[in-house]
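Asks: no letters, just coordinates:
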């Protein structure tokens, strides 16, 4: 019986370890990532009116009210983007964090597998003394035209084979 429990625990660990997660980050960590261009996409999910009063440099406006159906996704689909892959890092920003969480849930529903950060909001960015921009500087995400995970299929194969060997080894121990 202990082997069966161990087996179930290891399988559960493998499943949890291979899935991606939504994470929260501090505004300071977010600012460092913006400055270092560490993110594949920064999605601002506020309204157009809020965006027009100032936004984080390099962010892309995709309002939460039209999030899943926004024309941005059609453009991305037409270009064969890779932002939905498991290696992607996407930050979502609203005003206080609530809409960011809704957007992360919608990204998951849309099939996004990567690391998703809720930056907690523009309110905290401004409170930390960081500047907003009024320029329409929305970049094309790197993952729009470049496969950001060029080796993802071989990595998945290796992880799958490793998990298979662990499971077979455990079965032989039973």
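Replies: Nice, thanks for sending it over. Since the structure is predicted, the reported quantities are computational estimates derived from the model, not experimental observations.
Asks: and residue 78, how many neighbours does it have?
Replies: Neighbours of residue 78 under the rule other C-beta atoms under 10 Å: 9. In short, each C-beta sits where N, CA and C put it, glycine included.
Asks: and residue 45, by the same measure?
Replies: Neighbours of residue 45 under the rule other C-beta under 10 Å: 28.
Asks: that one and residue 25, how far apart?
Replies: Using C-beta to C-beta, to the nearest Å, we find residue 45 at a distance of 16 Å from residue 25.
Asks: go on, residue 104?
Replies: Taken as C-beta to C-beta, the span from residue 104 to residue 25 is 12 Å.
Asks: what is in contact with those two at once?
Replies: With contacts taken as C-beta atoms under 8 Å, 6 or more residues apart in numbering, residue 104 and residue 25 have residue 118 as neighbours in common.
Asks: quick one: which of these two has more around it?
Replies: Neighbour totals were compared for residue 104 and residue 25, and residue 104 leads with 21 against 15 (other C-beta under 10 Å).
Asks: next up, phi/psi of that one, please.
Replies: Backbone torsions of residue 104, given as degrees, to the nearest 10, read phi -60, psi -40.
Asks: any idea how far it is from residue 47?
Replies: Residue 104 is 18 Å from residue 47, by C-beta to C-beta.
Asks: for the protein, which segments count as helices?
Replies: Shown for the chain, the helices assigned by DSSP state H span residues 2-18, 27-35, 48-52, 71-78, 98-109, 122-127, 142-145, 152-173.
Asks: remind me which residues of this protein are low pLDDT?
Replies: For the chain, applying pLDDT under 70 flags the ranges 1-23, 80, 137-139, 142-174.
Asks: for residue 69, grab the count of nearby residues.
Replies: Using other C-beta under 10 Å: residue 69 sits among 9 other residues.
Asks: revised request: answer the last question for residue 118.
Replies: Residue 118: 22 neighbours (other C-beta under 10 Å).
Asks: contacting residues around the closest residue to it other than its chain neighbours?
Replies: Ranked by C-beta to C-beta, 6 or more residues apart in numbering and with sequence neighbours excluded, the top spatial neighbour of residue 118 is residue 100, at 4.1 Å. Listed by C-beta under 8 Å, 6+ apart, the contact set of residue 100 reads 45, 92-94, 118-121.
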